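Asker: Got a predicted structure here, sequence first:
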Amino acid sequence: MLFKAIYLLPLLPAIGVLINGLLGKRFGEKTVAFVACTSVGLSLILAIGILHQMLIASPAERVITSSLYRWISDGSLQINVGFLIDPLAIAMIMVILFVGFIIHFYSIGYMEGEPGYRRFFVHLNLFIFFMLILVMGDNLILTFVGWEGVGLCSYLLIGHWYEKKSASDAGRKAFVVNRVGDFGFMLGIFLVIVTFNTVNFVELKTILAGNHGIPTVTLAIISLLLFTGAVGKSAQFPLHVWLPDAMEGPTPVSALIHAATMVNAGVYFMCRIFPFLQQSQFVLPIIALVGMITAVYAACCAVGQKDIKKVLAYSTISQIGYMFMAVGCGIYVAGMFHLVAHGIFKGLLFLGSGAVIHAVKGEQDIVNMGGLIKTIPVTAITFLIGLLALAGIFPMVGFFSKDAIIMGGYETYGIVYWLFGFGGAILTALYCGKLFGMAFLGESNFTGHVHKPNFFFKAPLVILAVCAVFLGILGIPMFTKNTYFAQFMGSSFNLGAGGHAAAGHGIPLSLEIAFTLILSVFAIAAIVLALFMYSKHRKTMVDFESRHKGLMMFLLKGFWIDKLYDTIWVRPLKWISFYSDSVCDHRIVDGAVNGTGKIAMEVGKTLSRMQTGYVRYYAVSIVFGVFVLVGITMMFLF
Amino acid sequence: MGFYHFLSLGIILFAIGVVGFVIRNNTIVLLLSVELMLNSVNLIFVAFSRYLYGTEGQIYVFIIMTIAAAEVAVGLAIVVSIYRLFGTLDISKIKLLKG
């Protein structure tokens, strides 16, 4: 019965948008918050119901489709507005709604008294709506609608404080960089339509599972084009530049959109189109490579960041890099598991950072914090749990999810891959330690009264922290491909008899355990070292950093990639725009338009001299005209 | 007295009307010139009607006479309001239409 009502999932947040957006002008803050939270909360309850129904159904029956109406009809190409929920989708939906609901709740306190309170909640609800459309859409086109919708909401919410120049600039940057990826995405969709004459995921999967005879190259091009879209949305290496800037938005937005849900859409989408990836051989290594570069690169940058939110932003980029590594290895389940885990602990970390920023009155530079564990212990402890999960320390959820990715990579691509994953994990542990040490331990560098977080801050932090600790259960039994999570998700990634996901050659259990132990020991050592150095010997570290200014700036500015793009893309584009404006527009276009007017004016002026105003001239001209006309007529008649 | 005499008289009258309209300054005289032209045309209509054995020309003459009467009424009214507006009837001094 619940399966028939899945359209309610996106509908409820949409109703919230309508109520708050159209009728909410006179609502007080409490009413607005109540409407927004209720709409998402009801969706969440429904989603839990669907999840429960799915869990008790047999694996083969865990796919729900529901077609609402025919949307586009062009010959044999039929595009419906329809929804598809399978274990893959429900996992994502649970993250969206669960984290989304908690962040809605958190925002009640965080945004209190802000101008634009209603606008904020309307955009937040709209985001949930589009995100659900993205995830639930049963065809590429509908997914694309959601894809663009979340992009729009991201733009609106990054620029929530639009009076601030940096915020509106960051929103624009996010939008423009995403255009690059979305262009590839659209080309991919077109190619799918041309090749398959359908955009429905289920039909595509069926075609690809059978004997289709479509050249591998075509499939590879489709995969790469769609992957470009994912790279843009998920802030992967060449197109990652927008995410650190996106931290200009309010912190709940960073938590919801730029950590837990939207930026993971790329990973989700890659999992959704896995049959394409599976059948185009050289695409998976490319994805793995991009993920690997991003994971290590962003982790390096995160070490050098000073802004608490930017550390987390780079860490998000890096963690999504890990997810793409998983996708690139064909272990989609591990990628999705890390996505879920990351959604929880990164949401927790961002909410924690929001609580910290709120506590120290808008200060975001970790250099100016310190010793906060004494004043805001709940925030500190939950934050620590989040960081441990991020660093992959046992028994947090991150330990299970990251280990699965790194080991799966070793299985598929060998030791080099493992080393990169290992390096990234060590760097992650380092910046986690640094962040906690700088902000919460040591001596306080913050002068002034520290705000205590209230209930609206504490409750979400505690709930997410509990999840971060216990969600690791899903990753049990470890070292097998048959974890609880995989048992649930597995049926999503079966491609008939043709290609089975994760076709690794298998490695001995003892080796796997050894590798995991090595990784854990090193990660713990790194985090403890960083904690120790940045709390007890903070002076040394600060001196060290100031002695290596060049290196620190290099890391802080993300390897100067922004500057590079500024030189090779932005400046030439600006120059071309300037040229178009000053020469093409002002001289050529305006010249033609104004010239036409001028010519008409001149002609009119000349001719108007014939209008003397004397009646007799008009009379003479009439007579003369008659003579001419009669003369001409006679000439032709006789 | 033949057809050409009537025709010649009509043309001469019409020419006098045109020249009068063009060279005179007094608005009332202009109105008179217009009437002269109308009536010269009437004369030519009648002449043609007589010599071509048709009645259509005579019909037109009556229509033109009716219209001329109406036109004179309107024309004189205009003359009166011109005088009120400009304080003169000298048409060479009135040139509001100058471009």
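Answerer: Cool, got the structure.
Asker: contacts and neighbour counts: CA atoms only from here.
Answerer: Fine.
Asker: ok, then the element right after the helix or strand hosting residue A:34?
Answerer: Under the assignment given by DSSP states H and E, the secondary-structure element containing residue A:34 is helix A:29-56. Once the chain leaves helix A:29-56, the next helix or strand it forms, by DSSP H and E, is strand A:64-74.
Asker: relative to helix A:29-56, how tilted is that following strand?
Answerer: With axes from the mean of the first three to the mean of the last three Cα atoms, to 10 degrees as the basis, strand A:64-74 and helix A:29-56 are set at 110 degrees to each other.
Asker: For strand A:64-74, enumerate its sheet partners and note whether each is parallel or antiparallel.
Answerer: In the sheet containing strand A:64-74, its partner strands are strand A:77-85 (antiparallel), by DSSP bridges.
Asker: buried sites along the helix holding residue A:34?
Answerer: If you call a residue buried by 16 or more other Cα atoms under 10 Å in any protein chain shown, then helix A:29-56 has these buried ones: A:29, A:32-44, A:46-48, A:50-51, A:54.
Asker: next SSE after the helix or strand encompassing residue A:252?
Answerer: Secondary structure here is read from DSSP H and E; on that basis residue A:252 sits in helix A:251-255. Sequence-wise, the next helix or strand beyond helix A:251-255 is helix A:265-272, with elements assigned using DSSP H and E.
Asker: Residues in contact with the following helix or strand past that next one: which ones?
Answerer: Counting by DSSP H and E, the element after helix A:265-272 in chain order, helix or strand, is helix A:274-279. When contacts are taken as Cα atoms under 8 Å, 6 or more residues apart in numbering or on different chains, the neighbours of helix A:274-279 outside the stretch itself are A:205, A:208-209, A:216, A:219-220, A:222-223, A:270, A:283-284, A:330, A:493, A:495, A:499, A:501.
Asker: do stretch A:364-375 as well
Answerer: With Cα under 8 Å, 6+ apart as the test, stretch A:364-375 has contacts from A:306-309, A:357, A:379-381, A:435, A:437-446, A:450, A:452.
Asker: Generate a ChimeraX selection restricted to the buried entries among those residues.
Answerer: In ChimeraX syntax, the buried subset of the contacts of stretch A:364-375 is picked out as below (16+ other Cα under 10 Å):
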select /A:306,307,308,309,357,379,380,381,435,437,438,439,440,441,442,443,444,446,450,452
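Asker: Keep only those of the contacts of stretch A:364-375 that are in helices.
Answerer: Secondary structure from DSSP state H places A:308, A:309, A:357, A:379, A:380, A:381, A:435, A:437, A:438, A:439, A:440 of the contacts of stretch A:364-375 in helices.
Asker: who's in contact with the nearest residue to residue A:245 once chain neighbours are set aside?
Answerer: With sequence-adjacent residues excluded and distances taken as Cα to Cα, 6 or more residues apart in numbering or on different chains, residue A:245 is closest to residue A:170, at 5.4 Å. With contact set as Cα under 8 Å, 6+ apart, residue A:170 has these partners: A:158, A:159, A:242, A:245, A:246, A:248.
Asker: so where's chain B uncertain?
Answerer: Screening chain B residue by residue with the criterion pLDDT under 70, one finds the ranges B:99.
Asker: got the residues of it near chain A?
Answerer: B:21, B:22, B:23, B:91, B:92, B:94, B:95, B:96, B:97, B:98, B:99 (Cα under 8 Å from any Cα of the partner chain).
Asker: The second one contacts residue A:618, doesn't it?
Answerer: No: using Cα atoms under 8 Å, residue B:22 and residue A:618 do not qualify as a contacting pair, with a distance of 9.2 Å.
Asker: Close to chain B: what parts of chain A are there?
Answerer: Counting by Cα under 8 Å from any Cα, chain A sits next to chain B at A:608, A:609, A:610, A:611, A:612, A:613, A:614, A:615, A:616, A:617, A:619, A:620.
Asker: swap the cut-off to 7 Å and go again
Answerer: Counting by Cα under 7 Å from any Cα of the partner chain, the positions of chain A adjacent to chain B are A:608, A:609, A:611, A:612, A:613, A:614, A:616, A:619, A:620.
Asker: from these, which is closest to residue A:466?
Answerer: Nearest to residue A:466 among the residues of chain A next to chain B is residue A:608, at 87.6 Å by Cα to Cα.
Asker: need the residues of chain A next to chain B in a markdown table with pLDDT, can you?
Answerer: Listed next are the residues of chain A next to chain B as a markdown table, based on pLDDT from 0 to 100:
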| residue | pLDDT |
| --- | --- |
| A:608 | 85 |
| A:609 | 83 |
| A:611 | 81 |
| A:612 | 81 |
| A:613 | 80 |
| A:614 | 82 |
| A:616 | 82 |
| A:619 | 86 |
| A:620 | 88 |
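Asker: any idea which helix or strand carries residue A:400?
Answerer: Residue A:400 is part of helix A:397-413 when elements are defined by DSSP H and E.
Asker: Show residues contacting that helix.
Answerer: Among residues not part of helix A:397-413, those counted as contacts by Cα atoms under 7 Å, 6 or more residues apart in numbering or on different chains are A:326, A:329, A:331, A:334-335, A:337-338, A:341, A:389-393, A:417-418, A:421, A:468-472, A:475, A:504-507, A:516.
Asker: re earlier: I'd like the average pLDDT over the helix holding residue A:252.
Answerer: Taken as a whole, helix A:251-255 has a mean pLDDT of 90.
Asker: If we go by neighbour counts, what in it is buried?
Answerer: Within helix A:251-255, judged by 16+ other Cα under 10 Å, the buried ones are A:251, A:252, A:253, A:254, A:255.
Asker: For the longest helix anywhere in chain B, buried residues please.
Answerer: The helix that spans the most residues within chain B, counting by DSSP H, is helix B:56-86. Buried residues in helix B:56-86, defined by neighbour count with 16+ other Cα under 10 Å: B:57, B:58, B:61, B:64, B:68, B:71, B:75, B:79, B:80, B:82.
Asker: will you turn these into a markdown table that also has distance to residue A:589?
Answerer: A markdown table is the format used below for the buried residues of helix B:56-86 (distance: Cα to Cα, whole Å):
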| residue | distance to residue A:589 |
| --- | --- |
| B:57 | 62 |
| B:58 | 64 |
| B:61 | 61 |
| B:64 | 57 |
| B:68 | 57 |
| B:71 | 54 |
| B:75 | 52 |
| B:79 | 53 |
| B:80 | 54 |
| B:82 | 50 |
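Asker: Not counting sequence-adjacent ones, nearest residue to residue A:554?
Answerer: Counting by Cα to Cα, 6+ apart, the nearest residue to residue A:554 once its immediate chain neighbours are dropped is residue A:560, at 6.3 Å.
Asker: Tell me, what's the model's pLDDT at the one you found?
Answerer: Residue A:560 carries a pLDDT value of 84.
Asker: Number of residues surrounding it?
Answerer: Here the neighbour count serves as a burial measure; for residue A:560 (other Cα atoms under 10 Å in any protein chain shown) it reads 13.
Asker: so how many other residues sit close to residue A:513?
Answerer: Neighbour count of residue A:513, defined by other Cα under 10 Å: 14.
Asker: before we move on, what about residue B:35?
Answerer: A count of neighbours around residue B:35, defined by other Cα under 10 Å, yields 19.
Asker: I'd like to know how far it sits from residue B:29.
Answerer: The spacing between residue B:35 and residue B:29, counted by Cα to Cα, to the nearest Å, is 10 Å.
Asker: Please apply the same query to residue B:42.
Answerer: 20 Å.
Asker: Of those two, which one has the most company?
Answerer: The neighbour count for residue B:42 versus residue B:29, taken as other Cα under 10 Å, is higher for residue B:42 (21 against 15).
Asker: Report all helices and strands that the helix or strand that one falls within contacts.
Answerer: Assignment of secondary structure by DSSP H and E places residue B:42 within helix B:27-51. Under the contact criterion of 3 or more Cα pairs under 7 Å, 6 or more residues apart in numbering or on different chains; DSSP states H and E, helix B:27-51 touches helix B:3-23, helix B:56-86.
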